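# Sequence and predicted structure below; questions after.
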Amino acid sequence: MKKTLALLFAGLAVADLSAAPASAADHYVSGNVGLSWMNDSSIAADEVYGIDEISFDAGLSLLGAVGCDYGDYRLEAEIGYQQNDIDEVNIIDEPEFAVTSGVPSEGNVSVLSLMANGYYDIDLGGVDLYATAGMGVAQVSFEDFRYGDAIEEDGGSMDFSETTLAWQVGAGLAVPIGTNIALDARYRYFATTDFSIPQGKSDANINIASHNVLLGLRVGF
């Protein structure tokens, strides 16, 4: 799986950097770090029992990208990583189907993403305001996940991961701070399509979505 993701990122980078003649664009690399707030994730299963919803603590978000700047717009290939601890879950008990809310949980979820992004830049007199959108793939991994009695009894944890499609939108400001160097402050909303996780006697569908606030640098070359 890691080899497949690496090959995909390499392909995105080559396609991005060869989208137009080198003389038509300025190239750059960028890096951002910030905070990620994941939305509560609802779980849809064919049989109604087990986990109904998962909530998360705030976590870390990292982005790195290589791109081409064509003036008013930019194209780039991006690799991203975010990790959030699992806070609590809601449980649907069988056979009463009563919901037990706020069950303490442990573990974390991480998302490794590879995205192809487009940007539209608006010059505000030395400062660029931009909007962005992108699509790609994400590998979502749950690690050391356990809840309720499993925590109290030091029971076994669950580990699983899935690869799914992902998309994002966002906006930001780029402020020049040196020759070919800009300070980049941005917000992005990131989400995956549905993917399957183990849920009792069968699999269930879930998706991941998050709000991210990041700060970083963009360096032209």
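Yes, it's here. Residues are numbered from 1 along each chain as shown.

# hey, what's Thr192 bridged with?
Per DSSP bridges, the residues bridged to Thr192 are Ala166.

# is it true that it touches Ala138?
Yes: proximity of Thr192 to Ala138 meets the contact threshold set by Cβ atoms under 8 Å, at 5.1 Å. Glycine gets a C-beta too; all of them are placed from N, C-alpha and C.

# what touches both of the two?
Counting by Cβ atoms under 8 Å, 6 or more residues apart in numbering, the common neighbours of Thr192 and Ala138 are Val111, Thr164, Leu165, Ala166, Ile208.

# Mind checking which of the residues you listed are buried?
Val111, Thr164, Ala166, Ile208 (16 or more other Cβ atoms under 10 Å).

# one step back: please render the shared contacts of Thr192 and Ala138 as TSV that adds pLDDT and distance to Val127 to the earlier fields.
Putting these into TSV (pLDDT from 0 to 100; distance: Cβ to Cβ, whole Å) gives the following:
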residue	pLDDT	distance to Val127
Val111	98	31
Thr164	96	36
Leu165	97	34
Ala166	98	29
Ile208	96	33
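
# neighbours of Met38, just the number please.
25 (other Cβ atoms under 10 Å).

# and it, what does it touch?
Counted by Cβ under 8 Å, 6+ apart, Met38 has contacts Phe56, Gly59, Asn84, Val109, Ile208, Ala209, Ser210.

# Nearest to Cys68 among those residues?
Nearest to Cys68 among these: Ser210, at 27.0 Å, using Cβ to Cβ.

# Distance check, that closest one against Val111.
Distance, Ser210 to Val111, using Cβ to Cβ, to the nearest Å: 8 Å.

# Check Asn180 too.
Separation of Asn180 from Val111 (Cβ to Cβ): 31 Å.

# what pLDDT does Phe160 get?
Per-residue pLDDT puts Phe160 at 89.

# Bridge partners for it, pull those for me.
Phe160 has these beta-bridge partners by DSSP bridges: Phe142.
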